[in-house]
Structures are given as structure tokens and as C-alpha cells.
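Peer 1: Quick one, structure for this:
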Amino acid sequence: MRRNNYPYQPLNQTSGHSALAPDALEEENERAAEELKHKIGALKSLTIDIGNEVRYQDKLLRGIDDDMDRTGGFLGNTMARVVRLGKHSGGRHMCYMFLFILFVFLILYVVIKIK
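Peer 2: A predicted model of the protein is given here:
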């Protein structure tokens, strides 16, 4: 007898009905083949579902990758402008920008603490 809830039960070959044994074996083989057919169908369905999920996740990741590329380009252009502004305007504009950023973070901190 096998473990792990395997439904196969071997036939007892010591019985006196030797003429019935091949028919019983054939029936059991057909039943096992039918069970295997159902399990293969379930695995096929599961494989198709996994494939669909992988394609969907790949589409989402490609979209995120494109968004990150656009954001990286935008951020790079912005930083280039900030550096150019700092070089041409002197330290005064950079001081104002630093104070503005500090003010924004302070406002965000207060808003988050209130909620």
C-alpha cells in the first residue's frame, strides 16, 4: 500500500478467480488512466493560467520600466538645470532653493504628524 493518499490499491493475485483478474486489472487501468487524464487536464489549465499571469506581470513591469526611464530623464534634466542655475546665479539662489526645500519638508512632516 502506498502513502500520500494515493488511491491505487493493488489487486490480490492469490484469489481463485484467475479468469477475472485480467478484466479487473483492465478496469483498474482504465480508471487510473481516467484519473491521470483529469490530472493532466488540471495541470494544463494551471499552466495556461500561469502563462497568462506571467504575460500580464511582464506587461506591468515593462510599463513600470518605461515610466522609470521617463522619470529618470526628467530628473536628470531638472538636476542639470539646477546645477546650471547654481553656476550662473551664485550661491544666493541655491540658499533660497535649500530654504524652500526645507520648508516643503517641514510642511510635509507637520501634515503627516497631524493625520
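
Peer 1: The longest helix along the chain packs against which elements?
Peer 2: Under DSSP state H, the helix in the chain containing the largest number of residues is helix 20-89. Judged by 3 or more C-beta pairs under 8 Å, 6 or more residues apart in numbering; DSSP states H and E, helix 20-89 is in contact with helix 91-114. Just so you know, the C-beta spots here come from the backbone N, C-alpha and C atoms, and that holds for glycine as well.

Peer 1: Mind giving me the packing neighbours of the helix it packs on?
Peer 2: Looks like helix 91-114 contacts helix 20-89 (3+ C-beta pairs under 8 Å, 6+ apart).

Peer 1: Would you mind giving the orientation angle of the helix it packs on with respect to helix 91-114?
Peer 2: Between the direction of helix 20-89 and that of helix 91-114, the angle (axes from the mean of the first three to the mean of the last three C-alpha atoms, to 10 degrees) works out to 140 degrees.

Peer 1: show me where pLDDT drops low in the chain?
Peer 2: Per-residue confidence of the chain (counting by pLDDT under 70) places the weak regions at 1-20, 86, 89-91.
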